[in-house]
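Chemist: coordinates for the following, if possible.
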Amino acid sequence: MIAITVCMSLICLIGAEFVFRFQAVKSETIESTGADPDDVNRPYTDEEISAISSSMEHEPYGKVRDVVSTETSGLAIMEHGVAAIDAETLKTRWFYAAPDAEISAAPTPIDESDIHNKQKVVVAFKVGSLLGPRTKIVTLDAETGEVLYEQSISGDISPQDRIRWLTSDVRIEISQDSPQESLEAYSLATGEQVWDYTLPKGCSSDFSDPKSHVVTATQDLALVSYNCPKKQTSSVQALNGNSGDIFWRRSWDSSSLPSLFYVGWLDSSQGKDSSAASTVVNASDQDFSMIDASDGEDLQMQPWSRVPKLDDYIPAPVSDTHAPDRILVGDATVIQRTVSLAVAHRLVEERVLSVGDFEGTGLLVEDTEGEEMLPSHFLQWGPFRRGAVDILVSFLDKKLKADV
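Modeler: Down below sits the predicted model:
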């Protein structure tokens, strides 16, 4: 086979594939924020997210579809590009754009601040090819925007589904050969397939439904929910992100299919990017449990274990013997802090408590207009956060007892 390379104007033919060179426009850091790259950024508030969105309105990369927090900035995901923006200065740290393509993008997860790998941003978009549809996948350094790896792959899977689930090191997608029962993982550093996974024989899940929550990922693990009708069991399996080996498994006597919700370090307890915690806490009609990703064990049911009256307003997580409808999974400390704050927001929304009830506790923070409010994330408490949850739980116990 003779490889022919012809480059004219903005189009380059390499073999049978053509890539529009203006689809991969990238700028290095435009303005430094001066932030210490060793410090993991706190999540942005609704007001900061709105400010970031507004600052990007006149950029040539389309409408801002989402703004998510990364370890060093806010990531504005637009129709045709991504940009890392500092919320305080609204300066652009870096951007990557594909002006003639609709992109999908997502950052890799951070379980907790002390132990995490270098965060990445993964971008995917369609490119033209004489051999059929292809998707370009680009791995970027979340801090600098540097391209760490890029590849172009064939197939009809949408760019969004190519990067639907990410660990620190791999992207996970549905197998094209058996989309109902198999997953495949590919390295973000080399593009090579590193493992594949097939459901146990006689078991089923719902991989192909983009609205389902039967798969999720942490920094190091891929988690899969499935049921086995003949055995009348439902299970959650945690797979090592780099090898695909089974790390732990939980099973219940049930035919249900538990939904999985990852709680990361940068997930809020309440707000626009309403996290898994608030989603689950606010769904009073569905049972839930909280599981430590490190070992698959149930977490202590804080704050319910220390606030007996709380169950009258928000149902407590279910016990180990009962199959939950929804499962929160992540770092134990992060889950319990995030859930405790989500509970406080729910009690205020239901008018069981008011923001004014929290005055004098040290638990309120100021918004951009100087009004006191409950924080949307425990990191807004600053160094005080280590004791803030204990203060919050004690306050809830005292207040709910007094209101009986």
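Chemist: show me where the stretch 301-404 of the chain has helices.
Modeler: For the stretch 301-404 of the chain, the helices defined by DSSP state H, counting those that start in this stretch cover 332-349, 385-402.
Chemist: quick one: which of those is nearest Glu150?
Modeler: Smallest distance to Glu150 across the helices of the stretch 301-404 of the chain (CB to CB): 31.8 Å, for helix 332-349. Using the backbone N, CA and C atoms, a C-beta is placed for each residue, glycine as well.
Chemist: summarise which helices and strands the closest one is packed against.
Modeler: strand 259-263, helix 276-281, strand 288-292, strand 326-330, helix 385-402 (3 or more CB pairs under 8 Å, 6 or more residues apart in numbering; DSSP states H and E).
Chemist: quick check: the gap between the spatially closest residue to Val393 that is not a sequence neighbour and Thr167.
Modeler: Counting by CB to CB, 6 or more residues apart in numbering, the nearest residue to Val393 once its immediate chain neighbours are dropped is Pro303, at 4.5 Å. For Pro303, the distance to Thr167 equals 30 Å [CB to CB, to the nearest Å].
Chemist: quick one: the residue nearest in space to the middle of the chain from Gly330, how far?
Modeler: Centroid check for the chain by CA atoms, centre = their mean gives Pro109 as the closest residue, at 5.9 Å. For Pro109, the distance to Gly330 equals 9 Å [CB to CB].
Chemist: overlap in contacts of the two?
Modeler: Among the neighbours of Pro109, those also in contact with Gly330 (CB atoms under 8 Å, 6 or more residues apart in numbering) are 218, 262, 264.
Chemist: against Glu79, how distant is the residue lying closest to Ser187 once chain neighbours are set aside?
Modeler: Leaving aside its chain neighbours, Ser187 sits nearest to Val194 (5.3 Å; criterion: CB to CB, 6+ apart). Distance, Val194 to Glu79, by CB to CB: 31 Å.
Chemist: thinking again about what came up before, what's the helix or strand for the residue nearest to Ser187?
Modeler: Using DSSP states H and E, Val194 sits within strand 193-198.
Chemist: also Thr89?
Modeler: Assigned by DSSP H and E, Thr89 belongs to neither a helix nor a strand.
Chemist: what do you get for Gln160?
Modeler: Under the assignment here (DSSP H and E), Gln160 is part of helix 159-162.
Chemist: contacts for the helix or strand just after that helix, please.
Modeler: Per DSSP H and E, the first helix or strand lying C-terminal to helix 159-162 is strand 165-166. Residues from elsewhere that reach strand 165-166, judged by CB under 8 Å, 6+ apart: 106-109, 122, 171-173, 188, 215-217, 222.
Chemist: what do you get for stretch 360-371?
Modeler: For stretch 360-371, the external contacting residues (CB under 8 Å, 6+ apart) are 45, 47, 344, 355, 358, 372-375, 380-381, 384, 388, 391-392, 395.
Chemist: buried residues in that stretch, which are they?
Modeler: 363-365 (16 or more other CB atoms under 10 Å).
Chemist: pick the one among those residues closest to Pro133.
Modeler: Val365 (47.9 Å).
Chemist: show me the contacts for the residue nearest to Leu353 when sequence neighbours are not counted.
Modeler: Closest residue to Leu353 apart from its sequence neighbours, by CB to CB, 6+ apart: Leu347 at 4.6 Å. Contact analysis of Leu347 by CB under 8 Å, 6+ apart lists 313-314, 353, 396.
Chemist: gap between Leu347 and Lys309?
Modeler: According to CB to CB, Leu347 stands 11 Å off from Lys309.
Chemist: about what we covered before: packing partners of the helix holding Gln160?
Modeler: The contact analysis (3+ CB pairs under 8 Å, 6+ apart) places helix 159-162 against strand 103-107, strand 120-127, strand 134-141, strand 170-174.
Chemist: okay, now the domains of the chain?
Modeler: Per automatic domain parsing, the domain ranges recorded for the chain read 25-163, 258-404.
Chemist: mind putting those domains into CSV with distance to Arg249 and mean pLDDT?
Modeler: Converted to CSV, the domains of the chain look like this (distance: least, CB to CB, whole Å; pLDDT from 0 to 100):
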stretch, distance to Arg249, mean pLDDT
domain 25-163, 20, 80
domain 258-404, 7, 85
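Chemist: in JSON lines: those, plus distance to Ser235.
Modeler: Listed next are these as JSON lines, based on distance: least, CB to CB, whole Å:
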{"stretch": "domain 25-163", "distance to Ser235": "22"}
{"stretch": "domain 258-404", "distance to Ser235": "9"}
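Chemist: among those, which comes closest to Leu183?
Modeler: domain 25-163 (11.5 Å).
Chemist: okay, now Ser235: neighbour count?
Modeler: Residues near Ser235, counting by other CB atoms under 10 Å, number 22.
Chemist: part of a strand, is it?
Modeler: Yes: under DSSP: H, G, I helix; E, B strand; the rest coil, Ser235 falls within a strand.
Chemist: grab the nearest non-local neighbour of it.
Modeler: Of all residues not flanking Ser235 in the chain, Ser251 sits nearest, at 4.3 Å (CB to CB, 6+ apart).
Chemist: got it, and Ile172?
Modeler: Trp165 (4.1 Å).
Chemist: go on, Leu239?
Modeler: Ala222 (4.6 Å).
Chemist: how far away from the center of its chain is the helix or strand where that neighbour lies?
Modeler: Ala222 is part of strand 221-228, with elements assigned from DSSP H and E. Relative to its chain's centre, strand 221-228 lies at 17 Å (CA atoms, centre = their mean, to the nearest Å).
Chemist: tell me what that strand is packed against?
Modeler: Against strand 221-228 (3+ CB pairs under 8 Å, 6+ apart) you get strand 182-187, strand 215-217, strand 233-240, strand 259-263.
Chemist: send the alpha carbons of it over as PDB?
Modeler: Taking C-alpha atoms only, strand 221-228 is exported to PDB below (Å, rounded to 0.1, in the frame of the first residue of the first chain):
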ATOM      1  CA  LEU A 221     -12.200   2.800  39.600                       C
ATOM      2  CA  ALA A 222     -14.900   2.000  37.100                       C
ATOM      3  CA  LEU A 223     -18.200   0.900  38.800                       C
ATOM      4  CA  VAL A 224     -20.900  -1.100  37.100                       C
ATOM      5  CA  SER A 225     -24.400  -1.900  38.300                       C
ATOM      6  CA  TYR A 226     -26.300  -5.000  37.000                       C
ATOM      7  CA  ASN A 227     -28.900  -7.500  38.000                       C
ATOM      8  CA  CYS A 228     -29.200 -11.300  37.500                       C
END
